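J.: sequence unknown, structure follows:
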């Protein structure tokens, strides 16, 4: 059986405890979904921070059928993880694991793995650079002066297979390469030959195993904002709060649930800005089961990444669970619902209130239920593990054979 060494990028830290929130990180969920479908075909070895640096024990999150290697250098915030790399320890681990494939989720250190492979003189090890997001300066993931964009480009250029989480992220990356790296690229055809799309971001089977934990008729209509509330406001949570302030002056038939996993914004601050706020679990981090069950109590999911290409895994999960989405009609979002869907707003979010009010009006109606069916089918055929696994399987076979 061939072996895959998987290195997820885990940069979601609790602001107070500084522990890695491994049960609130989409990298883990995506990795787990792929492991579930290929554990009989490949032996998986996973690189993780030390368990003492994580908020829960590994085995509550990751299958006990995989081998876990703890490495202190894979602990820290997103900035630290993009330069922290223990070459000596990684060389020892790779010598011990003898992987056929290394999957690196952190493009900024992909070349470091290439160097270790080179030092081991083992050209049979294939290196996959799996990019979850593009750190293009204008996307405001991090302040522009510390962007790792060029390091990400380097990861794409040095790997054997560059994998993207969606077609939109791939397109934006290729455009960025043409703009920023054209002077360094003599043969762009090689890049285009070595890319593919792994649109597998959530498990429909995992969603379908859930059942509503409350009867919706007994609660107000619920709007969910699942994305983190960051200091750079790249998820546009402040614009969302503005829209809720406006709508709450006109109607009171709804409540708002806000996810705040990193506690970057205090609940006191959120309460001041977000009327109709409904606190869940006393504001404490939900575990995976609690989070997925929560989706089934909600009617509307709001995701507002106007620059980021993929738009967040949670937007796929709430749509799969039956929430009517409110999205800006841009990037990957534009492909998740029919083009005439009235839950879309403009890229600048100027008509966000209008989109929210429309979806509030039709949710829990026959028209809304019909749109839910369309939304579920659309997201299943674009982003589910179950629909996309054959494509992933073929790309692995093409890389190293059966």
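T.: Yep, that arrived. The model shown is predicted, which means the values in this text are computed figures rather than measured ones. Numbers count the residues shown, from 1 in each chain.
J.: how about the strands in the stretch 251-400 of the chain?
T.: 254-258, 300-302, 324-328, 344-345 (DSSP state E, counting those that start in this stretch).
J.: Who does the shortest one pair with, and is each partner parallel or antiparallel?
T.: According to DSSP bridges, strand 344-345 has the following sheet partners: strand 324-328 (parallel).
J.: For residue 54, see how far away the nearest residue to residue 55 once chain neighbours are set aside is.
T.: Among residues not flanking residue 55 along the chain, residue 19 sits closest, at 4.3 Å (CB to CB, 6 or more residues apart in numbering). In this view, the C-beta of every residue, glycine as well, is placed from N, C-alpha and C. Using CB to CB, to the nearest Å, residue 19 is found at 6 Å from residue 54.
J.: So those two - more neighbours on which side?
T.: Counting neighbours by other CB atoms under 10 Å for residue 19 and for residue 54 shows that residue 54 has the greater number, 20 against 16.
J.: where's the lengthiest helix in the chain relative to the chain centroid, distance-wise?
T.: When the chain is parsed with DSSP state H, its longest helix is helix 366-383. Distance of helix 366-383 from the chain centroid (CA atoms, centre = their mean, to the nearest Å) equals 20 Å.
J.: Likewise for stretch 78-91?
T.: Centre to centre, stretch against its chain (CA atoms, centre = their mean), the figure for stretch 78-91 is 22 Å.
J.: And the contacts of that stretch?
T.: Contacts to stretch 78-91, defined as CB atoms under 8 Å, 6 or more residues apart in numbering, come from residues 9-11, 71-74, 76, 106, 108-109, 112-113, 115-116, 119-120, 142, 146, 148, 151.
J.: if you set the cut-off to 10 Å instead, what comes out?
T.: 5, 7, 9-13, 47, 49, 69, 71-76, 92-93, 102, 105-109, 111-113, 115-117, 119-120, 135, 141-142, 146, 148, 151-152 (CB atoms under 10 Å, 6 or more residues apart in numbering).
J.: Helices along the stretch 101-250 of the chain, start to end?
T.: For the stretch 101-250 of the chain, the helices defined by DSSP state H, counting those that start in this stretch cover 110-119, 149-158, 167-180, 188-193, 204-208, 237-248.
J.: could the ones you listed be laid out in a markdown table, adding distance to residue 347?
T.: Shown next, in a markdown table, are these (distance: least, CB to CB, whole Å):
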| stretch | distance to residue 347 |
| --- | --- |
| helix 110-119 | 31 |
| helix 149-158 | 21 |
| helix 167-180 | 13 |
| helix 188-193 | 27 |
| helix 204-208 | 29 |
| helix 237-248 | 12 |
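J.: Among the ones you listed, which one carries the weakest average confidence?
T.: Ranked by mean pLDDT, the helices of the stretch 101-250 of the chain end with helix 188-193 at the bottom, a mean of 60.
J.: Name the residues of stretch 245-253 that are buried.
T.: With burial defined by 16 or more other CB atoms under 10 Å, the residues of stretch 245-253 counted as buried are 247, 248.
J.: Centre of the chain to it, how far?
T.: The answer for stretch 245-253 is 31 Å, by CA atoms, centre = their mean.
J.: Now the terminal residues of it, how far apart.
T.: 14 Å (CA to CA, to the nearest Å).
J.: ok, and what's touching it?
T.: So stretch 245-253 is contacted by 220-221, 223, 254-256, 273-277, 352-353, 356-357, 360-361 (CB under 10 Å, 6+ apart).
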